[in-house]
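Participant: Fold the following.
(one chain, ligands or ions: 1)
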Amino acid sequence: MAISEANFHQHFDVTWGHHRAQIKDGGQLLTLSLEKDSGAGFQSKSQYLFGRIDMQIKLVAGNSAGTVTTFYVSSPPSLGPNHDEIDFEFLGNSSGDPYTLHTNVFSQGKGNREQQFHLWFDPTTAFHTYTILWNSQRIIFLVDNIPIRVFSNLESMGVPFPNKQPMSIHSSLWNADDWATQGGRVKADWTKAPFVASYKNFKAEACIWNPSSASSACSPGAWQTQGLDAAGRNRIRWVQSKYLIYNYCTDRKRFPQGVPVECKQSRFL
Ligand SMILES: *[C@@H]1O[C@H](CO)[C@@H](O)[C@H](O)[C@H]1NC(C)=O
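Facilitator: Take a look at the predicted model:
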């Protein structure tokens, strides 16, 4: 099976806020806009059980306070409380203040694994590539091909890993000014609406799930076993030492009984 590229018409459905989601340039570009009453979102037509999903995103420019742009994979909510999810969420900010990139991993319904970062570039002036790499051994979050976070498969230590439920790709732009920016103190400035985020060059090297046979067909590649090599470990250390602003694994106040098991392992397995 070939690697699927770009065309948003072919790979995605607009799931809400219809006229605020627009596919342009013959399927090469997708824009979401947020107005006072509502945002918009889209979802992949296919489901995947493992893959490397790349999306280029240009975030809301200027005063993006109160806006949240998401890019994530999730098992169907219809499967109930045991859902799996791997999240990128971009929390907007006042002009001149940095976006916060919020990440989380849910396995078997359990999340509470937030890590947040600032970025080393302005994500609003150009497209940058955000990647969810998800294979049977680990999940790697990458920004412009630089690993920023790893979540290893530690099932052997009793930590559930998302490896049984197929997931769809989702993205949305919505109003979260009750919490997103500086804890909800900074509200969206609706005189600046609509707020717009743009997407291009979607790429999936992945195992596409076939619901009728309950099996998947994979595009083989390095992604299937990819981990961090020495260069990757250097880069993730650089990101985590300079740009990590919150890590659940070091939040002892939140976990007075001790941080979760996965936090006791090397972060970059
Ligand atoms: C917004 O900017 C402030 C000040 O630099 C920073 O502390 C915060 O992490 C930024 N992000 C959000 C979402 O508030």
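
Participant: who in the stretch 1-150 of the chain is up against the ligand?
Facilitator: Counting by CB under 6 Å from any ligand atom, the residues of the stretch 1-150 of the chain close to the ligand are 91, 93, 97-98, 100. Every residue, glycine included, has its C-beta placed from N, CA and C.

Participant: In JSON lines, list these along with secondary structure and pLDDT.
Facilitator: Shown next, in JSON lines, are those (DSSP: H, G, I helix; E, B strand; the rest coil; pLDDT from 0 to 100):
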{"residue": "91", "secondary structure": "strand", "pLDDT": "98"}
{"residue": "93", "secondary structure": "coil", "pLDDT": "97"}
{"residue": "97", "secondary structure": "coil", "pLDDT": "97"}
{"residue": "98", "secondary structure": "coil", "pLDDT": "97"}
{"residue": "100", "secondary structure": "strand", "pLDDT": "98"}
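
Participant: residues near residue 201, how many?
Facilitator: Per other CB atoms under 10 Å, the neighbour tally for residue 201 reads 14.

Participant: circling back: write the PyMOL selection for whichever of the residues of the stretch 1-150 of the chain next to the ligand are buried.
Facilitator: The buried residues among these can be selected in PyMOL (16 or more other CB atoms under 10 Å) with this line:
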select buried, resi 91+93+98+100
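
Participant: Pull the distance from stretch 21-36 to the chain's centre.
Facilitator: A distance of 19 Å separates the centroid of the chain from that of stretch 21-36, by CA atoms, centre = their mean, to the nearest Å.

Participant: List the buried residues for that stretch?
Facilitator: 21-23, 27-34.

Participant: Could you work out the end-to-end span of that stretch for me?
Facilitator: End-to-end distance for stretch 21-36: 15 Å, by CA to CA, to the nearest Å.

Participant: which residues sit against it?
Facilitator: Stretch 21-36 is contacted from outside by 6-10, 12, 14, 17, 20, 39-42, 60, 67, 69, 171-175, 188, 190, 193-200, using CB atoms under 8 Å, 6 or more residues apart in numbering.

Participant: can you pull the contacts of residue 12?
Facilitator: Here residue 12 is in contact with 23, 30, 42-45, 169, 202 (CB under 8 Å, 6+ apart).

Participant: how near is it to the ligand?
Facilitator: For residue 12, the distance to the ligand (CB to the nearest ligand atom, to the nearest Å) stands at 27 Å.

Participant: ditto for residue 24
Facilitator: 29 Å.

Participant: now do residue 152
Facilitator: Applying CB to the nearest ligand atom to residue 152 and the ligand gives a distance of 27 Å.

Participant: what is that residue paired to in the beta sheet?
Facilitator: Residues in a beta bridge with residue 152, per DSSP bridges, are residue 138.

Participant: Help me confirm that it comes into contact with residue 264.
Facilitator: No: Residue 152 lies out of contact with residue 264 (CB atoms under 8 Å); the separation is 11.7 Å.

Participant: neighbour count winner among these two?
Facilitator: Using other CB under 10 Å, the more surrounded residue of residue 152 and residue 264 is residue 152, with 19 against 11.

Participant: contacting residues around the more buried one?
Facilitator: 137-138, 262, 265, 269 are the contacts of residue 152 under CB under 8 Å, 6+ apart.

Participant: So among these, which ones count as buried?
Facilitator: 137-138, 262.

Participant: Go through these and name the one nearest the ligand.
Facilitator: residue 262 (24.5 Å; CB to the nearest ligand atom).

Participant: Brilliant, that's me finished.
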